[in-house]
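1. Next input, structure requested:
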Amino acid sequence: MARVFITGSSDGLGRMAAQLLIEQGHRVVLHARNEGRGQEALSAVPGAEAVVIGDLTSIAQTRSVADQVNRLGSFDGVIHNAAIGYREPRRIATEDGLSHVFAVNTLAPYILTALIQRPKRLVYLSSGLHQRGDASLKDLAWQHRPWQGTQAYSDTKLHDVLLAFAVARRWSAVLSNALEPGWVATKMGGPGAPDDLDAAHRTQVWLVTSDDPAATVTGEYFYHMQLRTPNPASRDMERQEQLLDACKQFSGVDLSTA
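-> Numbering: from 1, shown residues only. Alright, predicted model coming up:
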C-alpha cells in the first residue's frame with residue numbers, strides 16, 4: 001500500500017487518479033486551491049485521507065502547500081497533476097508578477113519538488129504539446145513576448161519534462177518520470193477531445209505505485225503505460241539546469257543536488 005499526494009485533485013484527471021488509487025487500496029491526500037473546492041474534493045473522493053489547500057499561482061501559498069504536506073508525514077509518491085490549460089486568452093499576472101500558466105504548470109511543481117520531503121516516486125504530467133515547447137527557455141514568464149495561450153502551455157509542458165529528467169539525474173534514489181495522458185474530455189481538454197478518458201489517469205497511478213519492472217524506471221516519458229520519445233531538448237542537461245536556475249531565481253527556493 002502506497003501513500004500518495006496529488007496536486008490539482010479536486011476534479012479532472014487528478015480526482016480520477018485519486019479515486020483509482022483508493023480503489024486499489026492506497027492512501028491518498030488531495031489538493032485544492034481553496035476551502036470550497038477542498039470540501040468538494042473530499043466529497044467526491046470517499047476514503048481520501050485529507051486535503052491540503054493552496055492556490056498554486058502564488059509562491060507563498062505553494063510553499064504553504066509543501067508545509068501542509070510535510071506536516072502530514074512522509075509519502076511514497078507525489079503526482080504533479082495541477083495545470084492551467086492552453087486556451088487562456090490573455091496573460092494573467094500572478095501576485096508575484098508571473099504568468100499564471102508558468103506559475104502553476106512550471107514553478108509550482110518545482111517548488112513542491114524542492115520543499116516536500118523526498119518521496120520514493122515523482123510523476124509529472126506533461127502533454128503531447130510539449131513537443132512544440134520553446135526550448136530556448138527565453139522569457140519564461142511571458143513578460144515581453146506577445147501572449148499566445150497554446151504556446152505558453154506548450155512551453156510549460158516541456159518544462160515539466162525537463163524538471164522530471166533533471167530530478168531523475170540529481171536524485172538517484174527517487175524514480176522521477178513524466179507522461180502525457182492524451183487529449184481527453186476533461187474540463188481542460190474540452191468536450192470534443194478524441195482520446196480515451198478511461199485510460200488517461202491510469203499511467204500516473206501505475207508509475208506511482210506499480211512494482212512492474214516497466215514502471216520502476218527513472219528519467220523516462222510515457223503515454224498509456226508505454227515509453228514514448230519526448231522532445232529531444234528535454235534530454236539536454238544544460239537546458240535542465242538552466243530551467244532549475246531560473247525557477248530558483250523566480251521562487252527563492254533551491255532544489256538540492258543530492
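
2. C-alpha only now, for contacts and for neighbours.
-> Noted.

3. List the contacts of Val52.
-> Val52 is in contact with Val29, Leu30, His31, Ala32, Gly38, Val65, Gln68, Val69, counting by Cα atoms under 8 Å, 6 or more residues apart in numbering.

4. now swap in Ser127 and tell me
-> Contacts of Ser127 (Cα under 8 Å, 6+ apart): Ser154, Lys157, Leu179, Glu180, Pro181, Gly182.

5. Take these and lay them out in TSV including distance to Gly128.
-> Shown next, in TSV, are the contacts of Ser127 (distance: Cα to Cα, whole Å):
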residue	distance to Gly128
Ser154	8
Lys157	8
Leu179	9
Glu180	6
Pro181	8
Gly182	7
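
6. can you put these in JSON lines and add distance to Leu98, secondary structure and pLDDT?
-> Listed next are these as JSON lines, based on distance: Cα to Cα, whole Å; DSSP: H, G, I helix; E, B strand; the rest coil; pLDDT from 0 to 100:
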{"residue": "Ser154", "distance to Leu98": "17", "secondary structure": "helix", "pLDDT": "97"}
{"residue": "Lys157", "distance to Leu98": "17", "secondary structure": "helix", "pLDDT": "98"}
{"residue": "Leu179", "distance to Leu98": "25", "secondary structure": "strand", "pLDDT": "97"}
{"residue": "Glu180", "distance to Leu98": "25", "secondary structure": "coil", "pLDDT": "94"}
{"residue": "Pro181", "distance to Leu98": "26", "secondary structure": "coil", "pLDDT": "92"}
{"residue": "Gly182", "distance to Leu98": "27", "secondary structure": "coil", "pLDDT": "70"}
